[in-house]
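*Asks:* no sequence for this one, just the structure:
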């Protein structure tokens, strides 16, 4: 994993050491180590209820955690949440939404909408947008702050397959244009395999971690996602009530994770 | 020809609307209607304590409304802001206040004035309290506008942008307590909630942006205050409830306008 060794001279954007998160009495994440470097695309995969969104929210400082999280001083985060709970009582045109929390000139807003492949729909209410349009508007808002890192939580939920592919191409394009780092949670394993520099397989703890190929061949990953289809189908058949039966998913067996930690 | 007391009443209504427009919009957006009622009902307990301890009424209401608002938001932060829980707190505080007032020594207390307001008896000092409170709330919301708005839309998006959504929620909680304290004299504990909700809900029918909704809610509050006062003068009706009736009629009219606009007659 040569891309991990570049960290010697560049400060990581976010570093987490031994973090754990509990919702009430239920422990959702245990002893997770994490870091992401400038320009890296890191994807978190894992079954439902494995703590993927929780990890993102912990890294963003939304959730209280035990352990230490270090963000680069002055780090600007562009966050695209899994969904936006829209309430009809709040009128909110796209243009006003893009101005939260800080205002941007109207032509800058139009430019960023064009960049994410939308027409200038600043006067449209966000509640009236289609799922794909809303995802792009959320991305546009994240990009307006000129982030060091984009954090995307299952950004293609509710999109059809073509929409998904187009969205990930857009992310790639943005990364190559701006050099922004990307941290995302995804269900779309086939896309993950092609688009990520590094994949983290999560199931309450880090099961395995490394380049897409290393993770795909790891026994821990196969225990979670199955064989053959690269897991793309197995994922949707996975029953999260039976997570504990995946005996192969265990820290002690995680040779690939140790390699990643060394980098 | 306007009598002096009528001018003072009008100024009180107009001043109060400057706070209830923006604050009421946030109450509508964040679904805090019950929260507002609970805080307002607690004000009666504040009146009782103020009478018993010979303190200014507004001070007693401010302290108790503040305590109630903090208690309710603490409950909400623990995920217990059920209608039931709020109802228990709200009516307990109201009844405790009514019971406590009966212990107030000597003076015969005009309960109706505290429950429904006594806008025609507003003094110059009351006016100063209303305007000072209303302008500071409007200023506070103006200052924190983007942060409040993003926290309302999505606490997660706010947190990811370095905003503390809990702190913004506290800003609204404190504002609510202040508005309750200063508006007790104008519309009374039972109608403060109406003054918050109805102009904002009416504005929602036609406003296309959050800012437009706030401005419109203020203007609707002004229209309701002035027409309610005039109506009460002409028909000799209680002033506070007349203002709320006027607001309700404006809501009805704007709802019809909005419905007609959505479905043009063919």
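*Replies:* Great, that's in hand. Here the structure is a predicted model, which means the values were calculated and not measured.

*Asks:* ok, for residue B:124, nearest residue in space, not its chain neighbours?
*Replies:* Leaving aside its sequence neighbours, residue B:124 sits nearest to residue B:8 (Cβ to Cβ, 6 or more residues apart in numbering or on different chains; 7.2 Å). No exception for glycine: its C-beta is placed from N, CA and C like everyone else's.

*Asks:* What number of residues are in the vicinity of the residue in the stretch 51-200 of chain B positioned nearest to chain A?
*Replies:* Proximity of the stretch 51-200 of chain B to chain A (Cβ to the nearest Cβ) peaks at residue B:160, 3.5 Å away. For residue B:160, the neighbour count with other Cβ atoms under 10 Å in any protein chain shown is 25.

*Asks:* so it sits right up against residue A:76, yeah?
*Replies:* No. Between residue B:160 and residue A:76 there is no contact under Cβ atoms under 8 Å: 10.1 Å.

*Asks:* Name the helix or strand for residue 112, please.
*Replies:* Looking at chain A here, since you left the chain open. Using DSSP states H and E, residue A:112 sits within helix A:106-115.

*Asks:* That was the other one, I meant chain B.
*Replies:* helix B:111-116.

*Asks:* before we move on, back to that, need the per-residue pLDDT for the residue of the stretch 51-200 of chain B closest to chain A.
*Replies:* Predicted confidence (pLDDT) for residue B:160: 90.

*Asks:* ok, now residue A:237?
*Replies:* So, for residue A:237, pLDDT stands at 35.

*Asks:* what does residue A:256 give?
*Replies:* 39.

*Asks:* For residue A:114, the count of nearby residues, please.
*Replies:* 12.

*Asks:* coming back round to it: which pLDDT value belongs to the residue nearest to residue B:124?
*Replies:* 92.

*Asks:* Can you pull the phi/psi pair for the closest residue to residue B:208 other than its chain neighbours?
*Replies:* The shortest distance from residue B:208 to any non-neighbouring residue, by Cβ to Cβ, 6+ apart, is to residue A:91 (5.4 Å). For residue A:91, the backbone dihedrals (degrees, to the nearest 10) come out as phi -70, psi 130.

*Asks:* Please apply the same query to residue A:196.
*Replies:* Per degrees, to the nearest 10, the backbone of residue A:196 is at phi -100, psi 150.

*Asks:* got the contact list for it?
*Replies:* Counting by Cβ atoms under 8 Å, 6 or more residues apart in numbering or on different chains, residue A:196 touches A:41, A:42, A:43, A:212.

*Asks:* could you redo the last one with a cut-off of 6 Å?
*Replies:* Contacts for residue A:196 (Cβ atoms under 6 Å, 6 or more residues apart in numbering or on different chains) come out as A:41, A:43, A:212.

*Asks:* And for residue A:21?
*Replies:* Counting by Cβ under 6 Å, 6+ apart, residue A:21 has contacts A:28, A:29, A:54, A:58, A:63, A:65.

*Asks:* mind listing what residue A:11 touches?
*Replies:* Here residue A:11 is in contact with residue A:72 (Cβ under 6 Å, 6+ apart).

*Asks:* Check it and give its pLDDT.
*Replies:* Reported pLDDT for residue A:11: 82.

*Asks:* which secondary structure element contains residue A:53?
*Replies:* Using DSSP H and E, residue A:53 falls in helix A:52-59.

*Asks:* Check the average confidence over that helix, would you?
*Replies:* What helix A:52-59 shows for mean pLDDT is 90.

*Asks:* hmm, who's touching the following helix or strand past that helix?
*Replies:* Per DSSP H and E, helix A:52-59 leads on to strand A:66-71 as the next helix or strand towards the C-terminus. Here strand A:66-71 makes contact (Cβ under 6 Å, 6+ apart) with A:14, A:15, A:16, A:17, A:18, A:19, A:20.

*Asks:* quick one: strand A:66-71 to chain centroid distance?
*Replies:* For strand A:66-71, the separation from the chain centroid amounts to 18 Å (computed by Cα atoms, centre = their mean, to the nearest Å).

*Asks:* Give me the buried stretch members for it, please.
*Replies:* A:67, A:71 (16 or more other Cβ atoms under 10 Å in any protein chain shown).

*Asks:* Can you name the residues that contact the closest residue to residue A:149 other than its chain neighbours?
*Replies:* If the residues on either side of it in the chain are set aside, residue A:149 comes closest to residue A:181, at 4.3 Å by Cβ to Cβ, 6+ apart. For residue A:181, the contacting residues are A:13, A:36, A:38, A:39, A:40, A:149, by Cβ under 6 Å, 6+ apart.

*Asks:* Packing partners of the longest helix seen in chain A?
*Replies:* Counting residues, the longest helix found in chain A (DSSP state H) is helix A:161-178. Judged by 3 or more Cβ pairs under 6 Å, 6 or more residues apart in numbering or on different chains; DSSP states H and E, helix A:161-178 has no packing partners among the helices and strands.

*Asks:* Compute the mean per-residue pLDDT across that helix, please.
*Replies:* The model assigns helix A:161-178 a mean pLDDT of 83.

*Asks:* when you compare where it runs with where helix A:106-115 runs, what's the angle?
*Replies:* 130 degrees (axes from the mean of the first three to the mean of the last three Cα atoms, to 10 degrees).

*Asks:* Note down every partner strand of whichever helix or strand comes after helix A:161-178 and its orientation.
*Replies:* Note on helix A:161-178: by DSSP H and E, the next helix or strand toward the C-terminus is strand A:181-185. In the sheet, strand A:181-185 lines up against strand A:41-45 (parallel), strand A:149-153 (parallel) (DSSP bridges).

*Asks:* and strand A:181-185, how far out from the chain's middle?
*Replies:* 4 Å.

*Asks:* same check, this time on stretch B:45-53
*Replies:* The answer for stretch B:45-53 is 20 Å, by Cα atoms, centre = their mean.

*Asks:* hey, what's the closest residue to chain B within the stretch 151-263 of chain A bridged with?
*Replies:* At 7.1 Å from chain B, residue A:151 is the closest residue in the stretch 151-263 of chain A, using Cβ to the nearest Cβ. Assessed by DSSP bridges, residue A:151 has beta-bridge partners residue A:79, residue A:183.

*Asks:* pretty sure it contacts residue A:79?
*Replies:* Yes. With contact defined as Cβ atoms under 6 Å, residue A:151 counts as touching residue A:79 (4.9 Å).

*Asks:* thinking again about what came up before, got a winner among the contacts of residue A:181 for most neighbours?
*Replies:* Neighbour counts for the contacts of residue A:181 peak at residue A:149, which has 26 neighbours (criterion: other Cβ under 10 Å).

*Asks:* Distance check, that one against residue A:178.
*Replies:* Distance of residue A:149 to residue A:178, given as Cβ to Cβ, to the nearest Å: 11 Å.

*Asks:* Ok, residue A:88 next?
*Replies:* Taking Cβ to Cβ, one finds residue A:88 at 35 Å from residue A:178.

*Asks:* Tell me how many other residues crowd the closest residue to chain B within the stretch 1-150 of chain A.
*Replies:* Closest residue of the stretch 1-150 of chain A to chain B, Cβ to the nearest Cβ: residue A:79 (3.5 Å). Residue A:79: 26 surrounding residues under other Cβ under 10 Å.

*Asks:* so how far is residue B:147 from it?
*Replies:* 16 Å.

*Asks:* Can you list the low-confidence ranges for the stretch 151-266 of chain B?
*Replies:* B:264-266 (pLDDT under 70).

*Asks:* quick one: the helices in chain A?
*Replies:* Under DSSP H, chain A gives helices at A:2-5, A:52-59, A:94-98, A:106-115, A:131-144, A:161-178, A:189-195, A:212-217, A:219-225, A:234-237, A:255-262.

*Asks:* And the stretch 151-266 of chain B, by the same measure?
*Replies:* B:155-160, B:165-187, B:192-204, B:210-235, B:239-262 (DSSP state H, counting those that start in this stretch).

*Asks:* export those helices to CSV and tack on distance to residue A:140?
*Replies:* Listed next are the helices of the stretch 151-266 of chain B as CSV, based on distance: least, Cβ to Cβ, whole Å:
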stretch, distance to residue A:140
helix B:155-160, 13
helix B:165-187, 22
helix B:192-204, 26
helix B:210-235, 19
helix B:239-262, 28
